[in-house]
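> Return atomic coordinates for the entry below.
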Amino acid sequence: MNEFIRSKEVRLIDENGENHGVVLTSKALQMAEDADLDLVLISPNQNPPVAKILDYGKYKYEQAKKAKEAKKKQHVVEIKEVKMRYKIDVHDYEVRLKSTKKFISQGNKVKVVVMLRGREMQHSHLAFELAQRFIGDMEKEAVTLEKKPQLEGRNVTFYFAPQAG
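Have a look, this model is predicted:
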């Protein structure tokens, strides 16, 4: 900005959007000073760099406003976690299934964990059977299985994600 521009010449665009072509930096600074505005580098990586005469404070405000508006429109995908044990009761299973469907409908990813404790580790095949049953029940929904059931330490974990589109 202004005196911090190091190149000899710049491609100048004035406050009205008119292109003045390649101009010496000193002349561009003088034009900006005459208009009581700032000379700002828009594309510093070009050869010669592109500079524009504008009100820098207003420019920064508009950039911040655009960034805030873009942030407002984006949806952050969270990873929700549903935990259960392989000895789960029917009603509890249905509650976990329902909450998983709710999380998916909100556009979040879901990590499903089947926990094993102590001697239950010897019956890990039952946890995998429960995982397959859960996946089967979720197939009717608009979901994709992002990661297949896998034994991680004492837990069998798998991930669901909302279907793209």
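> Strands of this protein, residue ranges please.
When assigned using DSSP state E, the strands of the chain occupy the ranges 9-13, 19-24, 38-43, 50-54, 79-85, 109-115, 143-152, 155-162.
> Export the ones you listed as JSON lines, with columns for distance to Ser99, mean pLDDT and mean neighbour count.
(Glycine included, C-beta is placed from N, CA and C.) Formatted as JSON lines, the strands of the chain follow (distance: least, Cβ to Cβ, whole Å; pLDDT from 0 to 100; neighbours: other Cβ atoms under 10 Å):
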{"stretch": "strand 9-13", "distance to Ser99": "55", "mean pLDDT": "88", "mean neighbour count": "21"}
{"stretch": "strand 19-24", "distance to Ser99": "58", "mean pLDDT": "86", "mean neighbour count": "12"}
{"stretch": "strand 38-43", "distance to Ser99": "49", "mean pLDDT": "85", "mean neighbour count": "18"}
{"stretch": "strand 50-54", "distance to Ser99": "52", "mean pLDDT": "89", "mean neighbour count": "22"}
{"stretch": "strand 79-85", "distance to Ser99": "6", "mean pLDDT": "93", "mean neighbour count": "15"}
{"stretch": "strand 109-115", "distance to Ser99": "9", "mean pLDDT": "94", "mean neighbour count": "20"}
{"stretch": "strand 143-152", "distance to Ser99": "13", "mean pLDDT": "91", "mean neighbour count": "14"}
{"stretch": "strand 155-162", "distance to Ser99": "12", "mean pLDDT": "93", "mean neighbour count": "19"}
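> Report the separation between the closest residue to Asp92 other than its chain neighbours and His91.
Sequence neighbours aside, Met84 is the residue nearest to Asp92 in space, at 7.0 Å (criterion: Cβ to Cβ, 6 or more residues apart in numbering). Using Cβ to Cβ, to the nearest Å, we find Met84 at a distance of 12 Å from His91.
> if we can go back for a sec, can I get the strands of the chain in JSON lines including distance to Phe128?
Formatted as JSON lines, the strands of the chain follow (distance: least, Cβ to Cβ, whole Å):
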{"stretch": "strand 9-13", "distance to Phe128": "64"}
{"stretch": "strand 19-24", "distance to Phe128": "67"}
{"stretch": "strand 38-43", "distance to Phe128": "56"}
{"stretch": "strand 50-54", "distance to Phe128": "60"}
{"stretch": "strand 79-85", "distance to Phe128": "13"}
{"stretch": "strand 109-115", "distance to Phe128": "8"}
{"stretch": "strand 143-152", "distance to Phe128": "6"}
{"stretch": "strand 155-162", "distance to Phe128": "6"}
